[in-house]
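Asker: Sequence first, then the predicted structure, then my questions.
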Amino acid sequence: MTADTAAHETFRNANAPLEDRVEDLLGRLTLAEKVALMAGSAAFTLHGVERLGVPQVRVTDGPTGVRSNEGEAATVFPVGVAIASTWNPELTREVAQAIGREALALDNRVVLAPTINIMRIPNWGRNFETYSEDPFLAGTLGTAYVRGLQDEGVGASLKHYAVNNQEFNRLTVSARVDERTLREIYLAAFEMVVKAANPWTVMASYNRINGTYATDNPYLLTEILKREWGYDGVVVSDWGAVHSTAPAANAGNDLEMPGPARWFGDKLLKAVEAGETPEHQIDAAARRMLRLILRTGVLDGRDPPKGELRTRRHRQIAARAAEEALVLLKNQGELLPFDPAKVSTVAVVGPNAAARRIQGGGSSQVRAGRQISILQAVQDLMAGQAEVVHADGGDNEPVPPAARPDMFSPDNARGQPGLTVDYFAERGFEGAPSKRQVERQIGKLVSMSAMGLTGSGVGALRWSGWFWPEKDGMHELSLRAPGHGRILLDGQVIVDPATPGAVDDWDVGGMRVERRTGRATLSAGRGYPISIEYVRPESLKGVTWEQVIVGVRQPRGSIAEAAEVAAGADAAIVVIGAASISEGEGYDRRDLELPGDQNALVEAVLAANPNTAIVFTGGSPYAFPWIDHVPAMLCAWLGGEEGPDAVARVLFGAAEPSGRLPVTFPRRIEDTPAWPYYPGGEEADYGEGLFVGYRHYDRAGEAPMFPFGFGLTYTRFRYADLKAPEQVRAGDPVTVTFTLKNEGQRPGKETAQLYVRPRGPAVERPVKELKGFAKVALAPGESRTVSLTLDARAFSYYDPARKAWIADKGAYDLLVGCSAADIELQATVRLE
Ligand code: BGC
């Protein structure tokens, strides 16, 4: 091509208006090329147009960080619920900008994030990944996240659209939800983000909504999202969520993923030829795909942006976010922060003390480059100041947790972590391996391409090297894989297909796979030769991936031992919470119980040492039956790679806690409004309607364990001088101002929340709803005036009969407080 022809091709001209470029390029495509754009070319790669030099765009998972498709390490940021606990849109945007730069460094132009689905039940497996029970908070933070990614020239994928709130039957369940609840609770955050931040893609969810799959749903995709909200980006299916050809394309599902096409591609071309899908529908989808490709800048001829991976700057952003995410739940007698000058021995006990609990499981899981425990973080911070003593106090893992690379080495010199992996493309282990390499990952997502197989192949893998126990005693080694597997330790077969297996709840990917566990008594400090074999079964022919999980359970001590360690210390920290497998994509928890004997552990340590603080690590509410008699408790969530250090800093007063709960913590799961309807079967009835989270507790007049919006600080704030107009014209903005003063001795950040309460509404409405908030940093003695403006939507409900949002005339209370259960100031405005 000469420079001259290029100049006439508007689509190549980076200075031409986007829509002109899109139309020009669309006009050059054949029907087949347009249809090709509507499906991926590979699992995480879109199609380009080779003939015209339009490159393929690569996408990657989020939202915790970049889940590299090549298994590269990236910065692990706090998980969604932790980000939401910051109540800080600016910080959320900075986190997303950093993730955007990491995506670019790994050559990705779209990150499949953020997850903004409503937390309807406290046991949803993906609560950790999403933000809140409240659509205003989820929408505000979702907007910030999308802006952050797109500031860097990386597209977002707002997910999962819509009403995707449980993992039970996640691929098929139909949410039965009334129109008003749909609009006010489940779509409101999507509407807000789409209108405010225009994400380049929106992901259609797996589930059905009122009987129709999200990907087949013209009402959701075309009528509401595209027409009513004016969305101009791409609707991408969740991975494998398309179930039809013409219905999905006609409904407005623009892109089928993963590639290559299963329902689109040739089938869609035939549907067009058969007149089942009109050509203008293909044009409309292709136009959106081209808009996406052009938005990424891949055609703009400039040097591709380099991005940035795991830099100091990104670690600092992750650290700030981890710190602001920490929610101080209790602090009687100002037990915290511990004064390092007065504490010469600290006990750090509990099953999550030495564990590295920093993120949840599933597609959002980032390969961590740096992973430490809270125990390690306290040791680092207290080095030279206090002696840190430790005991696990028992185990909380229901099954042996995934093996860590540093428990192994490829040779008996223990020079590096990991094992040697031999790949056999043919059946069994005969002959020479087709590939041999040292890998850190023990067990893995096995994909056919990684094994050098084609669709018809079976193959085999063997990990071999040395296993290094860290403790003396009985160990369990487990293998969970769909095929024929064995573990040989020190020359003995400890697991083979004859070992009795069990299928457990943690059924990632929907494969019912048995876990087989062997036992061996081992000594710390010496290496044991190990080999782990996996033969891919013929039944997986054509399946693109399966998961092989190797587990190791180490001896974890006793409650009595932990109590004894705590008794001899000046202060104790009990780190409890989720097991490594408790929370993840693909399954819900059955209840809110802490796994293992953790309740007994807490009681025993408290009895041994009253100077005890509890640290909870997990991504969702749990039941804490002892909560009324523990003096201090910090909710650490799953704080990403900087999380443990942030916990240590807050416990010892090197940083201030300022997080607020974005979700109610009930006392019992039965108190949850949706519980009577959960999980449903093929259908899930959203019978609680609008009354999700605090909307329920307000109506019922019940006090949960911890209310929405709750969190303590190390200082005290005073709220005063609320000013609001007494009367405005309906539709006009309402500005509310008030003063916040830090009356304590320490700096801190207060999260002031503004709720609107309609007086005597004409239709049933929640008692009050969050419509504004501000996080304000104040030095001791400092005060500041906060101003929040409410628009008409803040007073409105959705009227399905009129198909409109209605702000009825009348009186509305404006409630300013520090949680949904603690209102400090109140005024009333009349809409006329
Ligand atoms: C998840 C999505 C994810 C996709 C690609 C799906 O199973 O629901 O959130 O983006 O996989 O990994």
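Answerer: Arrived safely, thanks for sending.
Asker: buried sites along stretch 753-764?
Answerer: Gln753, Leu754, Tyr755, Val756, Arg757, Pro758 (16 or more other C-beta atoms under 10 Å). All C-beta atoms are positioned from the backbone trio N, CA, C, and that covers glycine.
Asker: who touches it?
Answerer: Identification of contacts with stretch 753-764 by C-beta atoms under 8 Å, 6 or more residues apart in numbering yields 690, 709, 736, 765, 767-773, 788, 790, 794-795, 797, 799, 808, 810-820, 823, 828.
Asker: how about 6 Å then?
Answerer: Residues outside stretch 753-764 that contact it (C-beta atoms under 6 Å, 6 or more residues apart in numbering) are 709, 765, 768-773, 788, 794, 808, 811-813, 815-817.
Asker: Over to stretch 726-737?
Answerer: 723-724, 785, 787-792, 807, 809, 814, 829-832.
Asker: biggest separation within those residues, which pair?
Answerer: Distances among the contacts of stretch 726-737 were taken as C-beta to C-beta; the most separated pair is Thr785 and Lys809, at 29.4 Å.
Asker: before we move on, back to that, neighbour-wise, which one of the contacts of stretch 726-737 leads?
Answerer: With neighbours taken as other C-beta atoms under 10 Å, the top of the contacts of stretch 726-737 is Leu814, carrying 25 neighbours.
Asker: wait, it sits on Ala724?
Answerer: Yes - counting by C-beta atoms under 6 Å, Leu814 does reach Ala724; the two are 5.2 Å apart.
Asker: what sits in contact with each of the two?
Answerer: Listed contacts common to Leu814 and Ala724 are Val736, Ala827; contacts here mean C-beta under 6 Å, 6+ apart.
Asker: For Glu769, give its distance to the ligand.
Answerer: With the distance defined as C-beta to the nearest ligand atom, to the nearest Å, Glu769 ends up 28 Å from the ligand.
Asker: wait, what's in contact with the residue in the stretch 51-200 of the chain that the ligand sits nearest to?
Answerer: Residue of the stretch 51-200 of the chain nearest the ligand, by C-beta to the nearest ligand atom: Leu112 (3.8 Å). Neighbouring residues of Leu112 by C-beta under 6 Å, 6+ apart: Asp61, Gly62, Ser157.
Asker: Run through the residues that contact the second one.
Answerer: Residues in contact with Gly62, defined by C-beta under 6 Å, 6+ apart, are Val111, Leu112, Ala113.
Asker: What sits closest to it if chain neighbours are left out?
Answerer: Sequence neighbours aside, Ala113 is the residue nearest to Gly62 in space, at 2.8 Å (criterion: C-beta to C-beta, 6 or more residues apart in numbering).
Asker: Can you name the residues of the chain sitting close to the ligand?
Answerer: Asp61, Leu112, Lys159, Asp238, Trp239, Ser363 (C-beta under 6 Å from any ligand atom).
Asker: Verify the contact between the fourth one and Tyr206 for me.
Answerer: Yes - proximity of Asp238 to Tyr206 meets the contact threshold set by C-beta under 6 Å, at 5.1 Å.
Asker: if we can go back for a sec, count of neighbours near the residue nearest to Gly62?
Answerer: 30.
Asker: With Gly27 instead?
Answerer: So Gly27, with other C-beta under 10 Å, has 10 neighbours.
Asker: Same question for Val503.
Answerer: Val503, neighbours per other C-beta under 10 Å, totals 12.
Asker: Name the residues linked to it by a beta bridge.
Answerer: Glu514 (DSSP bridges).
Asker: and the residue in the stretch 151-300 of the chain that the ligand sits nearest to, which of the three is it?
Answerer: Nearest residue of the stretch 151-300 of the chain to the ligand, counting by C-beta to the nearest ligand atom: Trp239, 3.8 Å away. At Trp239 the chain is in coil, as set by DSSP: H, G, I helix; E, B strand; the rest coil.
Asker: got a pLDDT number for it?
Answerer: Per-residue pLDDT puts Trp239 at 95.
Asker: for this protein, which residue is closest to the average position?
Answerer: Glu129 (1.8 Å; C-alpha atoms, centre = their mean).
Asker: Now do it against Gly618, distance only.
Answerer: Separation of Glu129 from Gly618 (C-beta to C-beta, to the nearest Å): 13 Å.
Asker: Could you do Leu255 as well?
Answerer: 34 Å.
Asker: again with Glu273
Answerer: 53 Å.
Asker: For these two, indicate the residue with more neighbours.
Answerer: Neighbours per residue, other C-beta under 10 Å: of Glu273 and Gly618, the larger number sits with Gly618, 25 against 11.
Asker: Count residues in the vicinity of Thr715, would you?
Answerer: 19.
Asker: Touching, it and Lys749? I think so.
Answerer: No - contact criterion C-beta under 6 Å: Thr715 and Lys749 do not qualify, at 9.3 Å.
Asker: and the protein, what are its domains?
Answerer: Here the domain parsing of the chain from automatic domain parsing is 332-397+557-700, 398-553, 717-831.
Asker: Distance across the first one, terminal residue to terminal residue?
Answerer: Distance between the boundary residues of domain 332-397+557-700 (C-alpha to C-alpha, to the nearest Å) amounts to 28 Å.
Asker: Identify the residue nearest the closest residue to the ligand within the stretch 501-650 of the chain in space, chain neighbours excluded?
Answerer: Nearest residue of the stretch 501-650 of the chain to the ligand, counting by C-beta to the nearest ligand atom: Glu585, 6.2 Å away. Spatial nearest neighbour of Glu585, excluding adjacent residues (C-beta to C-beta, 6+ apart): Gly362 at 2.5 Å.
Asker: what's the pLDDT at the one you found?
Answerer: 88.
Asker: residues near it, how many?
Answerer: If you count neighbours by other C-beta under 10 Å, Gly362 ends up with 20.
Asker: That one and Ala318, how far apart?
Answerer: For Gly362, the distance to Ala318 - C-beta to C-beta - is 20 Å.
Asker: And for Val605?
Answerer: The value you get for Val605 to Ala318, if C-beta to C-beta is used, is 30 Å.
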